[in-house]
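1. Sequence first, then the predicted structure:
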Amino acid sequence: MTKSNDDFKVETWNSKPTKGAAGKTGLWRTFRPIIDDEACTRCEICALYCPEPCITLDPDDLSHEKGKMVIEYEYCKGCGICANECPKHCIEMVKETEFTEEEK
Ligand code: SF4
Ligand code: SF4
């Protein structure tokens, strides 16, 4: 029987980010990863590589048939690994200073 990509789905939500001795890792961030939802294929490779791990797929989001990739910014330290590993190059690292106080 021929296998499809769906047969090899990686489960990435076995662990959750938690507050460490130095506080929430999002406090360290100088760059914020922004996902282009239009270009994102929901392959979950970013979630697989995130060291925190603070990227998950929300399967209940109706904006796409597979759901939506969600970044938990309280724990994202802005390392940029997700942007580096994304095969579609659809994660942009944006300087925190470019966001308004309301957006932070
Ligand atoms: S690696 Fe890129 S294309 Fe794949 S789910 Fe993450 S943001 Fe989307
Ligand atoms: S920048 Fe680093 S910590 Fe933040 S979501 Fe991407 S891989 Fe995870």
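-> Everything's here; your move. Ligands and ions are numbered 1, 2, ... in the order given.
2. so who does residue 94 touch?
-> Residues in contact with residue 94 (CB atoms under 8 Å, 6 or more residues apart in numbering) are 31, 32, 33, 34. Backbone N, C-alpha and C define where each C-beta goes, glycine included.
3. check which helix or strand covers residue 48.
-> helix 45-49 (DSSP states H and E).
4. coming back round to it: and ligand 2, which of the contacts of residue 94 contact it?
-> Checking the contacts of residue 94 against ligand 2 by CB under 6 Å from any ligand atom, the ones in range are residue 33.
5. Compare the contacts of residue 94 and tell me which is most surrounded.
-> residue 33 (23 neighbours; other CB atoms under 10 Å).
6. Can you pull the phi/psi pair for the residue nearest to that one when sequence neighbours are not counted?
-> Closest residue to residue 33 apart from its sequence neighbours, by CB to CB, 6 or more residues apart in numbering: residue 91 at 5.0 Å. With angles defined as degrees, to the nearest 10, residue 91 sits at phi -110, psi 120.
7. Quick check: mean pLDDT of the helix or strand that the helix holding residue 48 is followed by?
-> Using DSSP H and E, the next helix or strand after helix 45-49 towards the C-terminus is strand 55-58. Averaging pLDDT along strand 55-58 yields 94.
8. Using PDB, list the CA coordinates for strand 55-58.
-> C-alpha atoms of strand 55-58 as PDB (Å, rounded to 0.1, in the frame of the first residue of the first chain):
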ATOM      1  CA  ILE A  55       4.200  26.600  18.400                       C
ATOM      2  CA  THR A  56       1.200  24.400  18.000                       C
ATOM      3  CA  LEU A  57      -1.400  23.600  15.400                       C
ATOM      4  CA  ASP A  58      -4.900  24.800  16.400                       C
END
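9. Show me the contact partners of it.
-> 12-13, 42, 44, 46-47, 66-72, 82.
10. Would you mind giving the contacts of residue 94 as CSV with distance to residue 86 added?
-> Formatted as CSV, those follow (distance: CB to CB, whole Å):
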residue, distance to residue 86
31, 15
32, 15
33, 9
34, 12
